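[1] build me a model:
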Amino acid sequence: MNLRSLSIVLLLAGICLPERHELGAAPLSAQAPPSSETGKLRIYDVPEPAEELAQDPGEREDFLRLRESGEPAQRTPLVEAFVQKYPESKYLGQVHHMATMDYRSLNQPGKMFEHGQKTLQHSPDNIPILALMALAHSDKGDPDGSIQLATRALGRLRKIVRPANTDQQQWGAEYRQYMAQSLAALGHAYLVKYDMERQVSKETSPPGEGPPDPAPPETDPARSKDPKPATAGSPRLATLHLARAYGYLTKSLNEEPRSQFVHFQLGVVSTRLKRYPQAINAFARASLLEGGYREISRRNLESLYRITHQDSLDGLQDLLVQARADLAGGSGKPAPVTGDSVAPGSE
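    Just a heads-up that it's a prediction; the model follows:
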């Protein structure tokens, strides 16, 4: 193996990834903004139970106190007290919803996951929680659970009808937001499934042999051209997962072009697919957006750029200027994939 080939292998094996527990740092926020008090429904709104269903006046007062508490650090103790005091409350679905979002903003993934599961028990079609919990399941190594929740969120979104008393522009923006989050969750889940399959292939390969490089991805990332089932640890199945990840992440950017989380994930997927120009552009855009993936994206960008440009960073600043202009113009979407991807060291 020559030095150039070794560099490629090291890059593909060591591409920087975030710690999986950093769910709170991801910019894919499903945080519902405070009620506008205009009386207009929003996608994330959870209908309040009828007034007469409240079990006692104190329960209603405590619930209103929760809703009026603006700071997550102040509200979470009130939430925990409310849940203990009123275990049969008709408001529990809304209370767990608030707690899920608050614990997410406080970067407490364990408590967020706990209240998110309880929210879905009371409100199985809660779109923001479905999208958020889909990401959380992948973070816990359960990509199949993530796919199930994200698919349910997409199905609910496609059937939802905008009420007549809502602002059309606001509704459309929130619709695209949750569509982007659900698609991103699917993309991330298939990336996790790819990693799992590759790990199985590595463990079952004879000593000194590793799984072969991925084959070109399917044209349609949601469907395999080969109907023959793949076995566990199959490189072909791993490649299919990777192609699906690329497809769903790309669709997510069509809905929300400025998602740092998705640009970063797309950079990782494109690198593993050996689509190096697309990977460089994705990491460049992620490095320019605010969020927890900025520094790691810059390191990945420089590492990959050096390998594809004969160990030089010449021209990188021009690329970043163009990426910044694309983002400012609202065009953070990835460039179309062509068949002339540049192989590392070929320039």
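
[2] mean confidence score for stretch 171-179?
    Averaging pLDDT along stretch 171-179 gives 93.

[3] cool, and stretch 111-121?
    Rounded mean pLDDT across stretch 111-121 is 96.

[4] can you pull the buried residues of that stretch?
    Neighbour-count burial for stretch 111-121 flags Lys111, Met112, Phe113, His115, Gly116, Lys118, Thr119, Leu120 (criterion: 16 or more other CB atoms under 10 Å). In this view, the C-beta of every residue, glycine as well, is placed from N, C-alpha and C.

[5] of all these, which two lie farthest apart?
    Lys111 and Leu120 (15.3 Å; CB to CB).

[6] just checking, next helix/strand downstream of the longest helix seen in the chain?
    The single longest helix within the chain, with elements called by DSSP state H, is helix 168-204. As assigned by DSSP states H and E, the chain's next helix or strand after helix 168-204 is helix 235-255.

[7] and the angle from that following helix to helix 168-204?
    Comparing the axes of helix 235-255 and helix 168-204 via axes from the mean of the first three to the mean of the last three CA atoms, to 10 degrees yields an angle of 160 degrees.

[8] with only the CA atoms kept, save helix 235-255 in PDB.
    Extracted in PDB, the C-alpha atoms of helix 235-255 (Å, rounded to 0.1, in the frame of the first residue of the first chain):
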ATOM      1  CA  PRO A 235     -21.000  -5.200   2.800                       C
ATOM      2  CA  ARG A 236     -23.800  -4.800   0.300                       C
ATOM      3  CA  LEU A 237     -26.300  -4.200   3.100                       C
ATOM      4  CA  ALA A 238     -23.900  -1.700   4.700                       C
ATOM      5  CA  THR A 239     -23.600   0.100   1.400                       C
ATOM      6  CA  LEU A 240     -27.400   0.200   1.000                       C
ATOM      7  CA  HIS A 241     -27.700   1.800   4.500                       C
ATOM      8  CA  LEU A 242     -25.100   4.400   3.500                       C
ATOM      9  CA  ALA A 243     -26.900   5.200   0.300                       C
ATOM     10  CA  ARG A 244     -30.200   5.600   2.200                       C
ATOM     11  CA  ALA A 245     -28.500   7.900   4.700                       C
ATOM     12  CA  TYR A 246     -27.200  10.100   1.900                       C
ATOM     13  CA  GLY A 247     -30.700  10.300   0.300                       C
ATOM     14  CA  TYR A 248     -32.500  11.200   3.400                       C
ATOM     15  CA  LEU A 249     -30.000  13.800   4.500                       C
ATOM     16  CA  THR A 250     -30.100  15.400   1.100                       C
ATOM     17  CA  LYS A 251     -33.900  15.600   1.200                       C
ATOM     18  CA  SER A 252     -33.600  17.100   4.700                       C
ATOM     19  CA  LEU A 253     -31.500  20.000   3.300                       C
ATOM     20  CA  ASN A 254     -34.100  20.600   0.600                       C
ATOM     21  CA  GLU A 255     -36.400  21.500   3.500                       C
END
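
[9] how about that helix: buried residues?
    235-253, 255.

[10] likewise stretch 169-179?
    Neighbour-count burial for stretch 169-179 flags Trp171, Glu174, Tyr175, Gln177, Tyr178, Met179 (criterion: 16+ other CB under 10 Å).

[11] next one: stretch 256-267
    Here stretch 256-267 shows Glu256, Pro257, Arg258, Ser259, Gln260, Phe261, Val262, His263, Phe264, Gln265, Leu266, Gly267 as buried, counting by 16+ other CB under 10 Å.

[12] so what's the fifth one up against?
    In this structure, Gln260 makes contact with Pro27, Arg285, Ala286, Leu289, Glu290, Gly291, Gly292, Tyr293, Arg294, Ser297, judged by CB atoms under 8 Å, 6 or more residues apart in numbering.

[13] for the first one, give me the pLDDT.
    Pro27 is assigned a predicted lDDT (pLDDT) of 37.

[14] which of the buried residues of stretch 256-267 sits closest to Ala323?
    When the buried residues of stretch 256-267 are ranked by distance to Ala323 (CB to CB), His263 comes first, at 9.6 Å.

[15] now name the helix or strand holding the closest one.
    helix 260-272.

[16] so for that helix, mean pLDDT?
    96.

[17] that concludes my questions; thank you for your assistance.
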